[in-house]
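*Asks:* Quick one, fold the following:
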Amino acid sequence: MKGVYQHCGKKHLHRYLAEYDYRYNYRQKNGFDDAQRADALLGGIVGKRLMYRDSSYQMVGQE
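*Replies:* Numbering: from 1, shown residues only. Modelled structure (predicted):
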């Protein structure tokens, strides 16, 4: 593994590979500049929700 990644567990391997797939497909050699890469990246999040919630966390009033 290159760069800042020292270890990638099996659970997150698909995310690591998806990131490198994106970087490779949207590199400058393929004719993409920074603005086009940002547009493609932000266009991929439309309609998706990102939620980080600990399963042991309880909201106030739900004891």
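*Asks:* so where do the helices sit in this structure?
*Replies:* Under the criterion DSSP state H, the chain contains helices at 13-25, 34-43.
*Asks:* among those helices, which is nearest residue 51?
*Replies:* helix 13-25 (15.9 Å; C-beta to C-beta). Bear in mind the C-beta positions are built from the backbone N, C-alpha and C, glycine included.
*Asks:* chain center to the closest one: distance?
*Replies:* 9 Å (C-alpha atoms, centre = their mean, to the nearest Å).
*Asks:* and that helix with helix 34-43, angle?
*Replies:* 150 degrees (axes from the mean of the first three to the mean of the last three C-alpha atoms, to 10 degrees).
*Asks:* The helices of the chain into CSV, with extra columns for distance to residue 6 and mean neighbour count?
*Replies:* Formatted as CSV, the helices of the chain follow (distance: least, C-beta to C-beta, whole Å; neighbours: other C-beta atoms under 10 Å):
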stretch, distance to residue 6, mean neighbour count
helix 13-25, 12, 11
helix 34-43, 25, 11
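*Asks:* would you list those helices in a markdown table and tack on distance to residue 52?
*Replies:* Shown next, in a markdown table, are the helices of the chain (distance: least, C-beta to C-beta, whole Å):
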| stretch | distance to residue 52 |
| --- | --- |
| helix 13-25 | 14 |
| helix 34-43 | 19 |
